[in-house]
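Undergrad: Quick one, structure for this:
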Amino acid sequence: GLGRTVESMTDDELRTYLDKSGNIAKVSKDPLAPIFYCFNAGNYLTLKGQYKGAETSYKEGMKLCEKQFGTTHFYYTILLSGLAVLYRLEARYSDAEKTMREVVELRTKTFFAEHPETVRAQIILATVLCEEGKYAEAKTLVEKSMKALQGQFGDEDSLFTARARQCLGNIERQDGHYNE
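TA: From the prediction side, this is the model:
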């Protein structure tokens with residue numbers, strides 16, 4: 001593995017990583033290799049602010065994944081989630097919301113409603129809803145997510161629980177837009 005996140009890599013390291021990933025995808029017999037490449041390329045291009053190319057990469061990966069494994073495959077939802085985050089960065093909140101709702105629906109079918117990956121998608125969806133000013137729906141979704149996480153992890157804090165708490169705090173601090 002990389003041992004660290006793509007976000008922490010220098011431009012040269014990112015280019016080298018992406019080149020290696022592309023070369024592996026071209027020669028690998030693993031059907032996931034080109035899908036991983038599209039995901040990595042999408043992330044790289046997103047980080048570089050090249051949103052059109054990132055969108056193309058995510059969508060190409062989704063086509064490959066759908067052809068090989070179907071739309072309920074976890075990697076399909078990862079690519080779809082990357083696309084939703086891209087839309088969010090572009091302030092295309094309606095597209096981001098629609099796409100994250102699809103991710104939540106697919107992960108609920110693939111796993112179950114309280115699965116950590118489904119809950120993670122719900123938290124991202126809540127963030128988008130908050131950015132659209134849909135604070136009540138966002139808060140309800142985060143509270144539901146936190147309840148599911150408490151059922152899985154108890155009082156023990158997890159990365160997911162911390163993200164849910166952060167999202168809830170952000171909702172409640174929205175410049176007075178949301179009132180209990």
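Undergrad: Tell me, please, where in the protein the pLDDT is lower than the cut-off.
TA: Applying pLDDT under 70 to the chain picks out residues 1-11, 13-28, 154-158, 175-180.
Undergrad: Which element, helix or strand, includes residue 170?
TA: Using DSSP states H and E, residue 170 sits in helix 159-172.
Undergrad: Give me the contact list for that helix.
TA: Contact with helix 159-172 is made by 116, 119-120, 123, 126-127, 130, 135, 138-139, 142-143, 145-146, 149-150, 153, 178, as judged by C-beta atoms under 8 Å, 6 or more residues apart in numbering. C-beta here means a position set from N, CA and C on the backbone, and glycine is covered the same way.
Undergrad: Which parts of that helix count as buried, going by neighbours?
TA: 160, 161, 163, 164, 167, 168, 170, 171 (16 or more other C-beta atoms under 10 Å).
Undergrad: what's the answer for stretch 130-145, then?
TA: Buried residues in stretch 130-145, counted by 16+ other C-beta under 10 Å: 130, 131, 134, 135, 138, 139, 141, 142, 144, 145.
Undergrad: swap in stretch 91-111?
TA: For stretch 91-111, the neighbour count (16+ other C-beta under 10 Å) marks 92-93, 95-97, 99-104, 106-108, 110-111 as buried.
Undergrad: Tell me the one among those residues nearest to residue 65.
TA: Nearest to residue 65 among those: residue 106, at 11.4 Å, using C-beta to C-beta.
Undergrad: In contact with the nearest residue in space to the closest one that is not next to it in sequence: list those residues for me.
TA: Counting by C-beta to C-beta, 6 or more residues apart in numbering, residue 77 is the residue found nearest to residue 106 once chain neighbours are left out, at 5.0 Å. Contact analysis of residue 77 by C-beta under 8 Å, 6+ apart lists 103, 106, 107, 110, 117, 121.
Undergrad: To which secondary structure element is residue 77 assigned?
TA: Using DSSP H and E, residue 77 falls in helix 74-89.
Undergrad: Let me know the angle separating whatever helix or strand comes next after that helix from helix 74-89.
TA: Per DSSP H and E, helix 74-89 leads on to helix 93-110 as the next helix or strand towards the C-terminus. Inter-element angle recorded for helix 93-110 and helix 74-89: 160 degrees (by axes from the mean of the first three to the mean of the last three C-alpha atoms, to 10 degrees).
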